[in-house]
Every structure is written in C-alpha cells, then in structure tokens.
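In: dropping the sequence and predicted coords here.
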Amino acid sequence: MITYEFYRDRCGGTADEAAFSSAAVTAEAVIRALLYPALPEDLTESQTDVFLRAVCAQADHSLAGDGTGTGRIRSETLGDRSVTYADESAGEVRVNGISVSPQALLLLGNAGCLSRWV
C-alpha cells in the first residue's frame, strides 16, 4: 500500500529505498494493529493520507532505533566519545513489543483514527 515515492516526496523521508521497504512492512503492521478493528480500506480519503503518513513515521522511528525494531537508541559512539541512555520506556506505547512512533500516534489521534466506542 505504501510506496517509497510517497515516503520520500510527501513525508520528506531520507532513508534509502531498501531500508524503507524493509521497515515499511513492519511499520504498516503496527499501524494496522492500532486501527483494529477498522481497516485502512474503511478510512476516509483524508484518514487514508494520515494512515500512510503514520506508516512513514513508524518506519522512520524503527530505522532510528537500535536495530531491533523497538525504536530506542540505547547508546551511541562517535570517535572516542560514547554515551549510554537510561531506559525511558515508561509511558511508551508498544504493539507486540515494538515501540510505536509518538508522531504516528499524534497523526492518527488528531485524525480521529484511534477513537473506539465500546
């Protein structure tokens, strides 16, 4: 459903096509899980655009992480300097152990895609 061209041209994505294509598969599954039981096919046209942007945000979130798909960077090294970050996962939204992009949550929430009536 999502294309690299949409990611690059409409969302300003900077990852290369291979990296994005790989991350987009999981990103779309995460965003679909957030929308369940609604399907992207059931969304309005404007909500579909938001869905695609949320997938891009989720893919970037995963690509910026530690390589595990969790979206968290635990430590970084540049030259002879390194830093290790404290675990700040409290309050973090996860789907099957995968960290959800705060930007994706904001996009979906503002579009009314996360509202569910019980």
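Out: Perfect, thanks for sending it.
In: pop out the phi and psi values for the most far-flung residue of the chain relative to its centre.
Out: Distance from the C-alpha centroid of the chain peaks at Asp80, with 31.6 Å (Cα atoms, centre = their mean). Asp80 adopts backbone torsions of phi -100, psi 10, taken as degrees, to the nearest 10.
In: Ser21 against Tyr4, yeah?
Out: Yes. Here Ser21 reaches Tyr4: they are 6.5 Å apart, a contact under Cβ atoms under 8 Å. All C-beta spots, glycine's among them, are computed from the backbone N, C-alpha and C.
In: flag the shaky bits of this structure, pLDDT-wise.
Out: Residues of the chain that meet the criterion pLDDT under 70 lie in 38-40, 66-76, 84-91, 115-118.
In: can you do 50?
Out: Counting by pLDDT under 50, the chain has low-confidence residues at 67-71, 118.
In: number of residues surrounding the closest residue in space to Phe6 that isn't next to it in sequence?
Out: Of all residues not flanking Phe6 in the chain, Leu52 sits nearest, at 5.9 Å (Cβ to Cβ, 6 or more residues apart in numbering). Using other Cβ atoms under 10 Å, Leu52 is surrounded by 21 other residues.
In: which helix or which strand is home to Leu52?
Out: Counting by DSSP states H and E, the element that carries Leu52 is helix 45-63.
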